[in-house]
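In: No letters, just coordinates:
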């Protein structure tokens, strides 16, 4: 079964860190590019970061540049999003997705995970 499963979300204080993981099954990681998206309450889902199929290209939303790092481990068949210096505005459900190219457009992705909740609050 082809699927993506996110983990690593939780409650963290402002300034803290979390590492999200997106485990792929049913296919090998090198088949796709990967994106992380998030949806905050009352807002539309937005692109946060993506990584190319080769891993050589990445993109970040301006608000997370310098704080978030996307990576992938082919041996573990897992994509990661390291999130540092978290802010309350980062609170959202985070989704990973697989597609043909690294893009901030949701329409470019074909396989989606179920999401993991990240809450940044004191």
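Out: Sure, I can see it. Small disclaimer: the values here were computed from a predicted structure and weren't measured.

In: Let me know the helix or strand that the residue most central in space within the chain is in.
Out: Among the residues of the chain, the one closest to the centroid is residue 36, at 2.7 Å (CA atoms, centre = their mean). Taking DSSP states H and E as the criterion, residue 36 maps to strand 33-39.

In: residues contacting residue 49?
Out: With contact set as CB atoms under 8 Å, 6 or more residues apart in numbering, residue 49 has these partners: 35, 36, 58, 59, 60, 61, 64, 68, 70, 81. C-beta coordinates here come from the backbone N, C-alpha and C atoms, glycine included.

In: Was I right to think the residue nearest to the centre of the chain contacts residue 45?
Out: No: judged on CB atoms under 8 Å, residue 36 makes no contact with residue 45 at a distance of 10.9 Å.

In: overlap in contacts of the two?
Out: residue 95.

In: Which parts of the chain are helices?
Out: Read by DSSP state H, the chain holds no helices at all.

In: quick one: low-confidence ranges for it?
Out: Regions of the chain meeting the criterion pLDDT under 70 are absent.

In: So what sits opposite residue 92 in the bridge?
Out: residue 118 (DSSP bridges).

In: Tell me how far residue 50 lies from residue 41.
Out: Using CB to CB, to the nearest Å, residue 50 is found at 23 Å from residue 41.

In: Comparing these two, which residue is more hemmed in?
Out: residue 50 (27 against 7; other CB atoms under 10 Å).
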